[in-house]
Each structure stands twice: as structure tokens, then as C-alpha cells.
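A.B. asks: I need the structure of the sequence given here:
(4 chains)
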There are 2 protein chains.
Amino acid sequence: MQNTKAHVSKATIKRIPLYYRAVVQLQQEGVARIRSDRLSEIIHIPSATIRRDFSSFGELGKSGYGYSIATLVEEFGQLLDVDSSESIILVGVGGLGRALLMNNFRRNPDLNIVMAFDADPTKVNTRIGGIPVYPFATLAAHMNPNIHTAILAVPSASQTGVIGTLEAFGINAIMTFAPQPVACAPQTTIRYIDLTSELQSLLYTAHQKAKAR
Amino acid sequence: MQNTKAHVSKATIKRIPLYYRAVVQLQQEGVARIRSDRLSEIIHIPSATIRRDFSSFGELGKSGYGYSIATLVEEFGQLLDVDSSESIILVGVGGLGRALLMNNFRRNPDLNIVMAFDADPTKVNTRIGGIPVYPFATLAAHMNPNIHTAILAVPSASQTGVIGTLEAFGINAIMTFAPQPVACAPQTTIRYIDLTSELQSLLYTAHQKAKAR
DNA sequence: CTGACATTGTGAACGCTTACACAGAATTCA
DNA sequence: TGAATTCTGTGTAAGCGTTCACAATGTCAG
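C.D. replies: Take a look at the predicted model:
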């Protein structure tokens, strides 16, 4: 009952993609329904958390039955807006940028890197993984108002400047691999992927565990 | 006073690498001391959080003065064990694996990928970024008991099997880019880097923000 | 249709993390 | 030296997220 517009917590938002991936997988396997405790075994998230998360999007399940896979795919697909394809630009075509271009989220047809930019003249005016690479200076000429998302794989030192430029051209969602913290406009959302930090904190945790025995 | 052995929370652990990076940077700039509110501006973490975190490692600061950079570098360096160099293996030399080899955490001399493995015969018995690449089948021959850490950049489907093998050879810390959840041994610590999920939840958040105006 | 059963959705308790706000400790400067 | 100032470390409270546990609801077999 009720649940017209529950608040969706940040923690829940981070799990939506996991839920979506799992239910799509199940659908492909021909599964028609799933219980929260069974799903829990698959994605290693406690069943109570799953039910609480799901309930924040409405009454998706049925008592004594579980959840219909079709309903879940539909619901999470809508939440993630998978029907409207997202055009993404990549800035920085070093080793990592190249890897992202080659891969280009192939598993998710709605996520598309449509072009890339780099300041290095030797790397531009070519194609990598079928995606054109342009000089960063020509950003203005290639940008269009439907693009709001950028992935950054540039050196930390360049990052602040690049982000300022991107914001000026309408980018408001940025995923970056440079850990340099940036003060950005309030309408911009930034996600930092800090591989070194992740590795270091992983090692710290692992060492502590080893010491404890 | 007191504070002989405070508990270090998970949230704090994740921030240690950020603190370490910042204080090393400050040291290189010749800064000798720092206040929590100044550090807060640099790394965008509230000063109260910084003080609480720091205090969980002992009384690092001095009232009316702040923290000595040298003390912090020393303390966090010790926590992260930067003096004893960590030997890491990489499994999976696709685009991403290659990028990691080329980069090899160059900024952190204590983090070293020392060799790589791949099942694809066309990719092995060569060097990338100076690091040798061996057939995965020869893991046993190349492993040594000082190696406890692996980075995985293999397809999701291969992951479970690979992790089982790695655990058998003494690996207990794993950072992986395949989102496939794995049930692993209790002494193993796994960190998942799920770029697609990160991007999707970033987009969800950005879209919500855009809708709200 | 009925009763036995299965499973959700959620109130309430809990634990972890952040944020506030200030006493007290140490510094700094005259 | 002493007074004014600075800034930490932490008690306390608030906020967030997870987990428990079960009433309510709906399923399903006969």
C-alpha cells in the first residue's frame, strides 16, 4: 500500500545497475519469477536489503509469489533510462582511454562513446574501435547539445582545466580516472574512479586480515 | 589523551590513500604543517571527518598548531606499508590489462605489477610495458610465496575459475574489473571495480538532478 | 472454495558514519 | 612571562543504511 514517491537512497542507487544486470541475465535464461532470497544468493546482497530497495520504487512484488522478472526488467530499465541511448564523449586517449574505446560498454547498447578527444596531435584524426578521435581544441565544433556525459582519462594535472571547458559545453555528468579533486558547478555530478586508492585500501584490509590470524 | 588502539572504521580506511597522497604532495611542495580546515579545502573532506579519522590512529596533531606533514607522511606511509614493496600479478591482458601494465602505478613505487598472465596463446611470451606476460597455464611455475595480490581484467565468464586457481596459489587480495560476484574463501579480500555500474548510477543521479530543476 | 503455505513490505531496533560544537591544550606574540 | 589566539580531540546528537522479524497479503493445491 501507499508508497507513492518514496525517497531513493544513495546506497540504493548504487545497486540499481546490479539489479538490472541480474534480472536481464535471468530473463535471458528464461526465468519468469524470482524470490528475494533466491536473488540474494545470486548477487550477494541480503534479501532484506533487496526487498527494501525494491519497495522504494513501488510495490513490485507479490506476497507468496515473489517478483516477476518482466516487471523488474521493465522497472529498472526505465529507472536507468536504457531506452534512450546515451551519447558519451571520452577525453584522453592514453592506454586507459584506448581500452575504453575498444570496449565501449558493448554489453549495454544504450551506453555509447560517440567520439574522443586528445590534446596530443599524434593521437588525433584517427579512429579507435571505430570511434573518431579529434583534437581537444576542436571540442566546440564537434559538441552537440544532446551530449551531457564525459569520461575523463587525462593526467591529473590537466583535469581541472578540462572539466571547466566541458562544463561550458553542457556536460553535467563526468566519470574520471584522475583522483585530483575538482570544485565543479552545482549542476555537475562527478564520479571519481581512483584505482590506486582502491588498490591501497584493499591491501590495507587484506594485511589487517592476515595479521589477525 | 588515551587512544591506545581505537577502531579504524571501513569508511576511514577508504580515505587513508587520499590522505596519504595529499600529504606527500604537500611535502613535495615544501609545506611543513597543515590545519585540518586547510586540508579539508584541498581534498574536499569535512575537517571534522579529517580530525576524527586522524585521531583514530593516535594523537597526531597539536592544539593551536595543526599537524606536522612529516608526521602524517610517516604515519600513513606506515599504515599503507609503502616501505615494503608489494608484488602484484595481473591476469587478463586485453585492452584494460594492457593499459594497467603500461601504467603500472608509476606514481607509487611500492605498487608493482611484476608479471601478467593470459590464456590467449597469441598474447603470451612477450613483454608489455617491460612486464613479462606468461600463459595462464604456467601460473604454478611462476608464482612465488611472496605474491598475495592479483588484479583481474578477464571476461566475467572466466572469473570464478581464475579466482579459485589464484586462491590455491596463495593470492588473498584481488581487485577485479569483472562484475560477476564470486563466493571466495574467507581469507580472501575482493574489491570489484564495476565501471558500467558506476557510469549507470552516475547517469541516474545526473538525470535526477536535471529533472529537479 | 478453502486451508496451508510462501513471501512481500515495513515498523522498529541497531550499528555505523558524519556533523556539531566546545573544553582544553598548545601556540604565538608582545 | 602572560594573555590572546588557534586548533585539536572528542562528547554528543543527528543522519543514514542495514537487519530483524512478523503481520498482512496473496498463492496454490486439492
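A.B. asks: Look up phi and psi at residue A:90.
C.D. replies: phi -110, psi 140 (degrees, to the nearest 10).
A.B. asks: From residue A:112, how far out is it?
C.D. replies: Counting by C-beta to C-beta, to the nearest Å, the gap from residue A:90 to residue A:112 is 11 Å. All C-beta atoms are positioned from the backbone trio N, CA, C, and that covers glycine.
A.B. asks: Those two: who's more crowded?
C.D. replies: Legend: neighbour count by other C-beta atoms under 10 Å in any protein chain shown for residue A:90 and residue A:112, higher for residue A:90 (26 against 16).
A.B. asks: Show me the beta-bridge partners of that one.
C.D. replies: Beta-bridge partners of residue A:90, counted by DSSP bridges, are residue A:116, residue A:151.
A.B. asks: my read: it touches residue A:151, true?
C.D. replies: Yes. Contact criterion C-beta atoms under 8 Å: residue A:90 and residue A:151 qualify, at 4.9 Å.
A.B. asks: shared neighbours, those two?
C.D. replies: Common neighbours of residue A:90 and residue A:151 (criterion: C-beta atoms under 8 Å, 6 or more residues apart in numbering or on different chains): A:100, A:113.
A.B. asks: what's the neighbour count on residue A:125?
C.D. replies: Using other C-beta under 10 Å, residue A:125 is surrounded by 11 other residues.
A.B. asks: Does DNA strand C have contacts with stretch A:75-90?
C.D. replies: No. Using C-beta under 7 Å from any atom of the strand, stretch A:75-90 never reaches DNA strand C; the gap is at least 11.0 Å.
A.B. asks: Just the endpoints, please. Distance across that stretch?
C.D. replies: 29 Å (C-alpha to C-alpha, to the nearest Å).
A.B. asks: Can you give the contact residues for it?
C.D. replies: Residues contacting stretch A:75-90 (C-beta under 8 Å, 6+ apart): A:16-17, A:19-20, A:23, A:57-58, A:60, A:97, A:100-101, A:108-117, A:131, A:143, A:146-147, A:149-153, A:171, B:199-200, B:203-204, B:207.
A.B. asks: buried sites along it?
C.D. replies: A:75-76, A:79-80, A:82, A:86, A:88-90 (16 or more other C-beta atoms under 10 Å in any protein chain shown).
A.B. asks: Equivalent analysis for stretch A:29-45, please.
C.D. replies: Buried residues in stretch A:29-45, counted by 16+ other C-beta under 10 Å: A:33-36, A:39-40, A:43, A:45.
A.B. asks: what's the answer for stretch A:97-109, then?
C.D. replies: Result for stretch A:97-109 [16+ other C-beta under 10 Å]: buried residues A:97-105, A:108.
A.B. asks: all strands of chain A, in order?
C.D. replies: In chain A, the strands defined using DSSP state E lie at A:33-34, A:61-62, A:66-68, A:86-91, A:111-118, A:126-128, A:131-135, A:149-152, A:173-176, A:189-192.
A.B. asks: got the angle for the fourth one vs strand A:131-135?
C.D. replies: Between the direction of strand A:86-91 and that of strand A:131-135, the angle (axes from the mean of the first three to the mean of the last three C-alpha atoms, to 10 degrees) works out to 50 degrees.
A.B. asks: so where's chain A shaky on pLDDT?
C.D. replies: Scanning chain A for pLDDT under 70 picks out A:1-5.
A.B. asks: Grab the longest helix from it for me.
C.D. replies: Scanning chain A for the helix with the most residues, using DSSP state H, yields helix A:10-28.
A.B. asks: how about that one: buried residues?
C.D. replies: A:12-24, A:26.
A.B. asks: Surely residue A:194 is in contact with residue A:180?
C.D. replies: No. Between residue A:194 and residue A:180 there is no contact under C-beta under 8 Å: 9.8 Å.
A.B. asks: circling back: just curious, which of the buried residues of stretch A:97-109 is nearest to DNA strand C?
C.D. replies: Nearest to DNA strand C, judged by C-beta to the nearest atom of the strand, of the buried residues of stretch A:97-109 is residue A:108 at 25.9 Å.
A.B. asks: Next up, the contacts around that closest one.
C.D. replies: By C-beta under 8 Å, 6+ apart, the residues touching residue A:108 are A:82, B:196, B:200.
A.B. asks: now the second one: how far from residue B:158?
C.D. replies: Look at residue B:196 and residue B:158: by C-beta to C-beta, they are 17 Å apart.
A.B. asks: how about the helices of chain A, start to end?
C.D. replies: A:10-28, A:36-43, A:47-55, A:69-80, A:95-103, A:139-142, A:156-168, A:195-211.
A.B. asks: circling back: which two among the buried residues of stretch A:97-109 are spaced furthest apart?
C.D. replies: A:98 and A:108 (19.3 Å; C-beta to C-beta).
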